[in-house]
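Novice: What follows is a predicted structure for the sequence shown.
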Amino acid sequence: MVCASVLQAIGGTPLVDLCRVSAGIDGRVLAKLEYLNPGGSKKDRIALRIIEEAERSGALRPGQTVVELTSGNTGTGLAMVCAVKGYPFVAVMSSGNSTERSVMMRAMGAEVILVGQGDGSRPGHVTGDDLALVETVAASIATERSAFRADQFTLSGNPAAHGEGTGAELWSQSDGQVDLFCEFVGTGGTFAGVAAFLKAQRPSISCYVVEPKGAEILAGQPFSDPSHRIQGGGYAMSTVPQLSGSSPATLPWTTTMPWTLLADSPDRRGSLRASPEVRFLPPRSNCSAVRTSARPPSSCSLTRA
């Protein structure tokens, strides 16, 4: 296949059987290699979907400036898409994010505006307060420049790209042999989109979100430590509603996020280790399992939906 542009290379990432690192587990663990998207992350999917939906609706005019808040990955995806399609792109990000991300976006032709961190924040540790400062600047620039705001936190293209793309690929590539899906949450769009697709195929599929230690808000824990170094997620707020009660429950760490947790019954909080309903696929690979001493750090919690 010869792509007409780099945009046609977005999606279609492979699944890899983690038979060595999962040695000793009674089941099969598959990883989707989203870093093989041309911009280096799953955010390429939503960047393309959001821009093309805006083109179709008329919300984005030819040559109009595009603005978005980003920790780097969505900005890289939007910089790539906008460069191909001819839209000026302005990425607004916290100065606490890694320098390499802004360098990459600038190399793709984006204008990058760095917003200073709030009092008490440290470089490399972007908090919810820092993100709020970035949001204020992004909204202001969008107004001043009459720009299209490619808002990954509210536009439906985010979960739709993952439901129709990532989720459908997971199902097809695994021959429908999915019992459990696990995902780290930033905007929540990947989790919401993929979970919606998978549960539409089989409602009994278990879906989990992963949270940084100290920010286990969806697990019902108080927000206690904003210093984790996972950029692009874990921006939970300290005061959130409880997740018990009727499903679905709105993701709580931002007041603007519309995606929902797709719970198959009320109050599904709990860890992966403690859940008796967790199932793993039986091994179907001829891969020779080799034990490794490297194990995942116990620095995150998982919450069932």
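Specialist: Looks like it arrived, so ask away.
Novice: Phi first, then psi, for residue 64.
Specialist: Backbone geometry at residue 64, expressed as degrees, to the nearest 10, gives phi -70, psi 150.
Novice: That one: neighbour count?
Specialist: Neighbours of residue 64 under the rule other C-beta atoms under 10 Å: 15. (C-beta placed from N, C-alpha, C; glycine too.)
Novice: what sits against it?
Specialist: Applying C-beta atoms under 8 Å, 6 or more residues apart in numbering to residue 64 gives the contacts 87, 146-148.
Novice: which of those count as buried?
Specialist: Buried members of those, scored by 16 or more other C-beta atoms under 10 Å, are 87, 147-148.
Novice: which stretches of the protein have low pLDDT?
Specialist: Applying pLDDT under 70 to the chain flags residues 222-227, 235-305.
Novice: In strands, which of the contacts of residue 64 appear?
Specialist: residue 148 (DSSP state E).
Novice: what's the most distant pair in the contacts of residue 64?
Specialist: Maximum pairwise distance among the contacts of residue 64 (C-beta to C-beta): 13.0 Å, between 87 and 146.
Novice: what's the overlap in contacts for these two?
Specialist: Listed as contacting both residue 87 and residue 146 by C-beta under 8 Å, 6+ apart are 64-65.
Novice: burial count for residue 68?
Specialist: For residue 68, using other C-beta under 10 Å, the count is 29.
Novice: That one belongs to a helix?
Specialist: No - read with DSSP: H, G, I helix; E, B strand; the rest coil, residue 68 is strand and lies in no helix.
Novice: For the closest residue to it other than its chain neighbours, which residues are in contact?
Specialist: Distance criterion C-beta to C-beta, 6 or more residues apart in numbering; nearest residue to residue 68, sequence neighbours excluded, is residue 150 at 4.3 Å. Counting by C-beta under 8 Å, 6+ apart, residue 150 touches 47, 50-51, 54, 66-68, 74, 78.
Novice: Of the residues you listed, which pair is most distant in space?
Specialist: Every pair of the contacts of residue 150 checked by C-beta to C-beta; the farthest is 54 and 74, at 14.5 Å.
Novice: So between these two, which is more surrounded?
Specialist: Per other C-beta under 10 Å, whichever of residue 54 and residue 74 has more neighbours is residue 74, with 29 against 20.
Novice: quick one: secondary structure of the more buried one?
Specialist: Per three-state DSSP, residue 74 ends up helix.
Novice: any idea how far residue 125 is from it?
Specialist: 20 Å (C-beta to C-beta, to the nearest Å).
Novice: And for residue 188?
Specialist: 21 Å.
Novice: And the strands in the protein, which stretches?
Specialist: Counting by DSSP E, the strands of the chain are 15-17, 30-32, 66-69, 89-94, 111-115, 148-149, 180-184, 206-212, 249-250, 260-261, 300-304.
Novice: ok, longest helix in the chain?
Specialist: helix 128-144 (DSSP state H).
Novice: What are the buried residues along it?
Specialist: So for helix 128-144, counting by 16+ other C-beta under 10 Å, buried means 128-131, 133-135, 137-138, 141-142.
Novice: Please apply the same query to stretch 87-107.
Specialist: For stretch 87-107, using 16+ other C-beta under 10 Å, the buried residues are 87-98, 101-102, 104-105.
Novice: Just the C-alphas of it, formatted as PDB.
Specialist: Below are the C-alpha coordinates for stretch 87-107, written out as PDB (Å, rounded to 0.1, in the frame of the first residue of the first chain):
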ATOM      1  CA  TYR A  87      -4.200  25.000   8.800                       C
ATOM      2  CA  PRO A  88      -2.000  27.000  11.100                       C
ATOM      3  CA  PHE A  89      -1.900  25.300  14.400                       C
ATOM      4  CA  VAL A  90      -1.200  26.800  17.900                       C
ATOM      5  CA  ALA A  91      -0.400  24.400  20.700                       C
ATOM      6  CA  VAL A  92      -0.900  25.700  24.200                       C
ATOM      7  CA  MET A  93       0.900  23.600  26.900                       C
ATOM      8  CA  SER A  94       2.200  23.900  30.400                       C
ATOM      9  CA  SER A  95       5.900  24.700  30.900                       C
ATOM     10  CA  GLY A  96       6.000  21.700  33.200                       C
ATOM     11  CA  ASN A  97       5.700  19.300  30.200                       C
ATOM     12  CA  SER A  98       8.800  17.800  28.700                       C
ATOM     13  CA  THR A  99      10.800  20.100  26.400                       C
ATOM     14  CA  GLU A 100      11.000  17.400  23.700                       C
ATOM     15  CA  ARG A 101       7.300  17.600  23.100                       C
ATOM     16  CA  SER A 102       7.300  21.300  22.200                       C
ATOM     17  CA  VAL A 103      10.400  20.800  20.000                       C
ATOM     18  CA  MET A 104       8.600  18.100  18.000                       C
ATOM     19  CA  MET A 105       5.500  20.200  17.500                       C
ATOM     20  CA  ARG A 106       7.600  23.200  16.400                       C
ATOM     21  CA  ALA A 107       9.400  21.000  14.000                       C
END
